[in-house]
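K.L.:
Output the structure for:
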Amino acid sequence: MLQKTVKQLAYFNSELKHIKAIEQYVESLFSKDSTGHDFYHMKRVARLAKIIAQKENADVFVCEAGALVHDIGDKKLFEHPEQAIEKMKHFFRSIKIEEYVIEQIFIAIKDISFRKQRVPETKEGKIIQDADRLDAIGAIGIARTFAYGGAANQLIYDPESNKNTTIHHFYEKLLLIKDQMNTNYAKQIAEERHQFMQLFLEKFYDEW
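P.N.:
Okay, the predicted model is just below:
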């Protein structure tokens with residue numbers, strides 16, 4: 001029993017070191033981002049993914065690590081996406097993450113994008129997708145939406161033709177997210193954040 005406990009502790013400490021190393025790696029890539037996909041976005045998604053993983057009895061390390069790196073290789077953020085992904089694989093190996101774990105992380109994150117409109121095949125993928133989408137709604141989601149709109153040179157709103165404006169983004173994506181959650185815990189959080197966005201839009205139109 002003691003030997004088993006010592007092994008579990010050693011495994012936990014190893015995972016903790018890996019998470020710290022991944023955080024530092026991700027911070028080096030995203031610390032200067034001004035589109036709403038900064039290091040703190042990754043941290044929030046990882047924190048939510050860890051909480052949901054514990055509630056859903058999923059692999060916590062795969063969820064937390066995958067959440068931290070889920071935007072690496074995104075075409076809208078990287079000039080050379082494939083290069084960024086290969087560098088990430090090399091980094092994982094350099095900190096001695098086992099190959100089968102690396103594979104599980106990549107399987108988990110490959111289909112989480114809203115743009116792809118796919119449901120990930122693993123429980124861990126579904127959890128990371130939920131955590132990422134939760135950070136796109138609510139108060140911080142609103143802030144991130146306007147940050148990205150500014151970075152993309154979008155108008156805030158155009159009452160004559162609201163397409164390609166930041167407010168339009170609420171209708172083409174953000175207000176749809178609540179009904180696309182995979183896990184029960186995420187659904188509860190999404191409901192509250194969805195209501196907040198609706199209140200924001202009512203107030204926005206009133207002030208406009």
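K.L.:
where does this structure have low pLDDT?
P.N.:
Counting by pLDDT under 70, the low-confidence segments of the chain come to 1-12.
K.L.:
how many neighbours does the closest residue to Tyr157 other than its chain neighbours have?
P.N.:
Leaving aside its sequence neighbours, Tyr157 sits nearest to Ile167 (CB to CB, 6 or more residues apart in numbering; 4.3 Å). For every residue, glycine as well, the C-beta is placed using N, CA and C. The number of residues packed near Ile167 is 20, by other CB atoms under 10 Å.
K.L.:
doesn't Phe204 make contact with Ile167?
P.N.:
Yes - contact between Ile167 and Phe204 holds when scored by CB atoms under 8 Å: they sit 7.1 Å apart.
K.L.:
what do those two both touch?
P.N.:
Common contact partners of Ile167 and Phe204 (CB atoms under 8 Å, 6 or more residues apart in numbering): Tyr157.
K.L.:
Now the most centrally placed residue in the chain, what are its backbone angles?
P.N.:
Ranked by distance to the mean C-alpha position of the chain (CA atoms, centre = their mean), the top residue is Asp132 at 2.9 Å. When quoted as degrees, to the nearest 10, the phi and psi of Asp132 stand at phi -60, psi -40.
K.L.:
how far away is it from Glu86?
P.N.:
Counting by CB to CB, to the nearest Å, the gap from Asp132 to Glu86 is 22 Å.
K.L.:
same check, this time on Ser34
P.N.:
From Ser34 to Glu86 the distance is 26 Å (CB to CB).
K.L.:
and Gly150, how many neighbours does it have?
P.N.:
14.
K.L.:
packing partners for the host helix or strand of it?
P.N.:
Element membership for Gly150 (DSSP states H and E) is helix 138-151. Using 3 or more CB pairs under 8 Å, 6 or more residues apart in numbering; DSSP states H and E as the contact criterion, the secondary-structure elements in contact with helix 138-151 are helix 166-172, helix 184-207.
K.L.:
Many thanks, I have nothing further to ask.
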